[in-house]
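In: Let me see the structure of the following:
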Amino acid sequence: MSKSARLATDLGDPKWIRLLKMEASAQGSSMKDVLIAALDVYFAEKLETNALAKAAEASFEDWNNALDAEYDRL
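Out: Okay, here's the model as predicted:
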């Protein structure tokens, strides 16, 4: 048995509901499916950006060593 998650929120502007309805109609899918697809894209991009930032941080750790102070004095 899978668990279901529910979300109830006020989107603040009725245009979001109109856009969801229009896109769902154009795709022949539900508003829920359109919203989930949009969230998938949004969070995939965020996760990728965070992974790249973490990889970049790891590469800079090699530069952070005690010898740096010696080079700074030159």
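In: which residues of the protein score low on pLDDT?
Out: Judged by pLDDT under 70, the chain has its weakly predicted residues at 1, 62-64, 74.
In: rerun at 80
Out: 1-2, 55-74 (pLDDT under 80).
In: count of neighbours near K21?
Out: Using other C-beta atoms under 10 Å, the number of residues around K21 comes to 13. In this view, the C-beta of every residue, glycine as well, is placed from N, C-alpha and C.
In: host element of it?
Out: Taking DSSP states H and E as the criterion, K21 maps to helix 14-27.
In: C-terminal to that helix, what's the next element?
Out: Proceeding N to C from helix 14-27, the next assigned helix or strand is helix 31-61, under DSSP H and E.
In: From the chain's centroid, how far away is the very next helix or strand once past that next one?
Out: Note on helix 31-61: by DSSP H and E, the next helix or strand toward the C-terminus is helix 67-73. Here the centre of mass of C-alpha atoms in helix 67-73, compared against the chain's by C-alpha atoms, centre = their mean, to the nearest Å, lies 39 Å away.
In: same thing with stretch 67-74?
Out: In this view, stretch 67-74 has its centroid 39 Å away from the chain centroid, taken as C-alpha atoms, centre = their mean.
In: before we move on, what about stretch 20-33?
Out: For stretch 20-33, the gap between its own C-alpha mean and the chain's C-alpha mean amounts to 22 Å (C-alpha atoms, centre = their mean).
In: How about that stretch, which residues are buried there?
Out: By neighbour count on 16 or more other C-beta atoms under 10 Å, the buried set for stretch 20-33 is 20, 23-24.
In: could I get the residues you listed as a markdown table with distance to A37?
Out: A markdown table is the format used below for the buried residues of stretch 20-33 (distance: C-beta to C-beta, whole Å):
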| residue | distance to A37 |
| --- | --- |
| L20 | 11 |
| E23 | 9 |
| A24 | 10 |
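In: what about T49, neighbour count?
Out: Counted with other C-beta under 10 Å, the neighbours of T49 add up to 10.
In: What separation is there between it and A56?
Out: 11 Å (C-beta to C-beta, to the nearest Å).
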